[in-house]
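S.K.: sequence and predicted model, in that order:
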There are 2 protein chains.
Amino acid sequence: MKSSITPQYKARAKIIKAMAHPSRLFIIEELSKKERCVGDLTEMIGADASTVSKHLSVLKNAGLLADEKRGNSIFYSLRVPCIMQFIGCLEDVLFSNAKQHNEILKCCKR
Amino acid sequence: MKSSITPQYKARAKIIKAMAHPSRLFIIEELSKKERCVGDLTEMIGADASTVSKHLSVLKNAGLLADEKRGNSIFYSLRVPCIMQFIGCLEDVLFSNAKQHNEILKCCKR
DNA sequence: TGGCTATTTGGCTATATTACCAAATAAGAC
DNA sequence: GTCTTATTTGGTAATATAGCCAAATAGCCA
């Protein structure tokens, strides 16, 4: 790849990589509904708080989340709502994959 | 995370993970313009052909690409055009990150 | 101040990913 | 058939990621 255009793709990949984990996708979806503090998410996810904290920092580092300290807690929120449209596209992919898989199965069962 | 809902997030993460690499993003974008064979992409990317082949198989495995053998070559194409909308959203994120960064800089220079 | 609660950081191990090379495979061309 | 081209597979080393525990930090509350 021409090195002159690499940085752009690296920057995009960094954001996508930040999303590329089941727990982080869960967090994104949850935060698209309403803001949450680390404790909330930790309980929902059921992992160690330090693990969830690290997931949050990955997302924040990619520019996807905003955080705000209030009282004793830090509330995270989704900074980029357009991300959620993409989840819809993922579901299309999954559906289309399943359909294709079915067709193959049908064909093999003949 | 409730184990009952985990599979859905894992399935989504698999697709996103497949996209989460600079060369693979480049491939996706290139294939959104027109189908290409491995050799074309290898030349454009400038990596070993085996490396590019593996990238293609990751994307294909996730259900993002279709392939068709014609003559001596295998032509890959993008199976899921809605992916490209997402790239636009990524650019929004990057822009918004840059803006935020500028604001911080401005604030620090005061 | 001292004790809580919420969150982050550091250390560590296990696992996954990347990219290269060399070798295998597949299918045309002759 | 043999040669050639296109692509994939296997092996390997370097690097990155994930998750837990223990410890550090930050700020509220008596």
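M.R.: Happy to help now that I have it.
S.K.: now do the contacts for the residue sitting nearest the centre point of chain A.
M.R.: Nearest to the geometric centre of chain A sits A:Leu25, at 3.0 Å (Cα atoms, centre = their mean). Residues near A:Leu25 by Cβ atoms under 8 Å, 6 or more residues apart in numbering or on different chains: A:19, A:87, B:9, B:12-13, B:16. Where C-beta positions appear, they are placed from N, C-alpha and C, glycine not excepted.
S.K.: would you reformat those as a markdown table and include neighbour count, secondary structure and pLDDT?
M.R.: What follows is these, written out as a markdown table (neighbours: other Cβ atoms under 10 Å in any protein chain shown; DSSP: H, G, I helix; E, B strand; the rest coil; pLDDT from 0 to 100):
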| residue | neighbour count | secondary structure | pLDDT |
| --- | --- | --- | --- |
| A:Met19 | 23 | helix | 96 |
| A:Ile87 | 16 | helix | 86 |
| B:Tyr9 | 19 | helix | 95 |
| B:Arg12 | 24 | helix | 94 |
| B:Ala13 | 20 | helix | 96 |
| B:Ile16 | 22 | helix | 96 |
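S.K.: which one of the residues you listed is nearest B:Ile74?
M.R.: The closest of the contacts of A:Leu25 to B:Ile74 turns out to be B:Ile16 (Cβ to Cβ; 25.0 Å).
S.K.: now do the contacts for that closest one.
M.R.: A:16, A:19-20, A:25, A:90.
S.K.: which one of the contacts of A:Leu25 is nearest A:Asn61?
M.R.: Top of the list for closeness to A:Asn61, among these and by Cβ to Cβ, is A:Met19 at 12.1 Å.
S.K.: wait, isn't A:Glu68 in contact with A:Ser77?
M.R.: Yes - applying Cβ atoms under 8 Å, one finds A:Glu68 in contact with A:Ser77, separated by 7.5 Å.
S.K.: identify the contacts common to the two.
M.R.: By the contact definition Cβ under 8 Å, 6+ apart, A:Glu68 and A:Ser77 are jointly contacted by A:Glu35.
S.K.: returning to that earlier point: got the phi/psi numbers for the residue nearest to the centre of chain A?
M.R.: When read as degrees, to the nearest 10, the backbone of A:Leu25 gives phi -70, psi -40.
S.K.: get me the contact residues on chain A for DNA strand D.
M.R.: Where chain A comes near DNA strand D, counting by Cβ under 7 Å from any atom of the strand, the residues are A:17, A:20-21, A:23, A:47-48, A:50-51, A:54-55, A:58, A:69, A:71-72.
S.K.: fine by me, thanks again.
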